[in-house]
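Asks: Sequence and computational prediction follow.
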Amino acid sequence: MDVKPRILVARQAPAEVLGRLAAHFEVDLHPGEVPLPPEQLRERLRGKAGVFITGTERISAELLDACPELRAVCTMTVGYNHIDVAACSARGVLVTNTPDVLTETTADFGFALLMATARRMAEGERLLRDGRWTSWAWDFLAGAEVHGSTLGILGMGRIGQAIARRGRFGFGMKVIYHNRSRLAASTEAELGARYLSKDELLREADHLVLVLPYSAAAHHCIGSAELALMKPTATLVNIARGGIVDEDALAAALREGRLAAAGLDVFEGEPRVNPALLTLSNVVLTPHIASATLPTRRAMAELAADNLIAALTGARPPTPLNPEILPA
Ligand code: DGY
């Protein structure tokens, strides 16, 4: 009788996905809501051929050295800054992520957060619930204009482009962007997007959305110097990774009126939130839920499972991050 490869599923997944995995593998599931602490992750990974993770499990070179049987790391996220991909490649471990299936949902949320931030929705809701809505004034909770304004996008990958479409075609916004590499002229024309240097982007945007991938190079790439370039009336939205923004510098800019408002779905030490941000009324805070709709989360889990099944059964995984280690 064939022995099934052993895998770890490090976080709860939809039942139908767990069922598919169980048909191929001997599954060790960590069902808890809290991620496995690193030492427990290491223990549970020993002897496993594959692992299904989310963004809360860190895969380091040390962990890989402690788990030499590991052949596939499949994350149910598009971002992969929690995985040392180079260390995986060096050890012949395949890494996969879940691009595309979350693009539109994440862009919807990015736009919703922009709207909520610019139009002070969370502030208004808090005021109403607290019984502080007592009168009307011409400038009562007056926010920033969204339609017709200038939408800046830092990081013009799939999600950035989906946000650009919403801004351009839904709200008649002027779209400007900065990216490591400039888009093809035809894509720029389709999106009506103008490429600028990062500094020009910061200066011109009425609303700036951060959608760039996180890496050591992107750490705190929005700090006090960058915030100082932005308009005091501007809003900043971060749906990428918390470490991109220096949160202390951001809190100071918001407190001192050097930036109008910020909408943040990601935090440097999440799930802990910088206390300086919690005290400010001009910031909208959400708990890293940009891709959180049931259909999208199911699609992400299915794709992570497709990758894991393919990787350990000799097929070609649909979305590898280090395809160079696959047989030709
Ligand atoms: C992703 O997929 O990278 C999202 O941030 C969810 O973690």
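Replies: Yep, that arrived. Numbers count the residues shown, from 1 in each chain.

Asks: Can you classify residue 212 as helix, strand or coil?
Replies: Local secondary structure at residue 212 is given as coil here, using DSSP: H, G, I helix; E, B strand; the rest coil.

Asks: Show the pLDDT at the residue nearest to it when sequence neighbours are not counted.
Replies: Closest residue in space to residue 212, ignoring its immediate chain neighbours: residue 155 at 2.9 Å, by Cβ to Cβ, 6 or more residues apart in numbering. For the C-beta atoms, the positions are set from N, CA and C on the backbone; glycine is no exception. pLDDT, residue 155: 98.

Asks: What about residue 149, how many residues nearby?
Replies: Residues near residue 149, counting by other Cβ atoms under 10 Å, number 20.

Asks: Return the backbone torsion pair for the residue in the stretch 101-250 of the chain positioned nearest to the ligand.
Replies: Going by Cβ to the nearest ligand atom, the ligand is nearest to residue 102 of the stretch 101-250 of the chain, at 5.8 Å. Phi and psi for residue 102, reported as degrees, to the nearest 10, are phi -110, psi 0.

Asks: now swap in residue 175 and tell me
Replies: In terms of degrees, to the nearest 10, the main-chain angles of residue 175 are phi -110, psi 130.

Asks: tell me the contacts of it?
Replies: Neighbour list for residue 175: 150-151, 153, 164, 167-168, 191-194 [criterion: Cβ atoms under 8 Å, 6 or more residues apart in numbering].

Asks: if we go to 10 Å?
Replies: Neighbour list for residue 175: 150-153, 156, 160-161, 163-168, 188, 191-194, 205 [criterion: Cβ atoms under 10 Å, 6 or more residues apart in numbering].

Asks: Please enumerate the helices of the protein.
Replies: 15-24, 38-45, 61-66, 85-90, 103-118, 121-129, 158-165, 171, 185-191, 198-204, 224-229, 247-255, 275-278, 294-313 (DSSP state H).

Asks: Of the contacts of residue 175, which are in range of the ligand?
Replies: When Cβ under 6 Å from any ligand atom is applied, no member of the contacts of residue 175 is adjacent to the ligand.

Asks: Kindly report the residues of the stretch 151-300 of the chain close to the ligand.
Replies: So the stretch 151-300 of the chain meets the ligand at residue 291 (Cβ under 6 Å from any ligand atom).

Asks: If we use 8 Å, what do you get?
Replies: 239-241, 266, 288, 290-291, 300 (Cβ under 8 Å from any ligand atom).

Asks: Pick the one among those closest to residue 19.
Replies: residue 300 (16.7 Å; Cβ to Cβ).

Asks: Next, the contact list for that closest one, please.
Replies: By Cβ under 10 Å, 6+ apart, the residues touching residue 300 are 13-14, 17, 54, 75-78, 97-102, 105, 291.

Asks: And the residues you listed, which of them are buried?
Replies: Buried subset of the contacts of residue 300 (neighbour count, 16 or more other Cβ atoms under 10 Å): 13, 17, 54, 75-78, 97-99, 101-102, 105, 291.

Asks: Mind checking which of the residues you listed land in strands?
Replies: Counted as lying in strands by DSSP state E, out of those, are residue 75.

Asks: what's the spacing between stretch 109-122 and its chain's center?
Replies: Counting by Cα atoms, centre = their mean, to the nearest Å, stretch 109-122 is centred 17 Å from the centre of its parent chain.

Asks: Mind checking if that stretch is in reach of the ligand?
Replies: No - if you take Cβ under 8 Å from any ligand atom as the test, stretch 109-122 misses the ligand, and the best it gets is 10.2 Å.

Asks: For that stretch, what does the pLDDT average out to?
Replies: Taken as a whole, stretch 109-122 has an average pLDDT of 98.

Asks: do the same with stretch 250-268
Replies: Computed over stretch 250-268, the mean pLDDT rounds to 98.

Asks: which parts of that stretch are buried?
Replies: With burial defined by 16+ other Cβ under 10 Å, the residues of stretch 250-268 counted as buried are 250-251, 253-254, 258-268.

Asks: closest to residue 112 among these?
Replies: residue 263 (8.8 Å).
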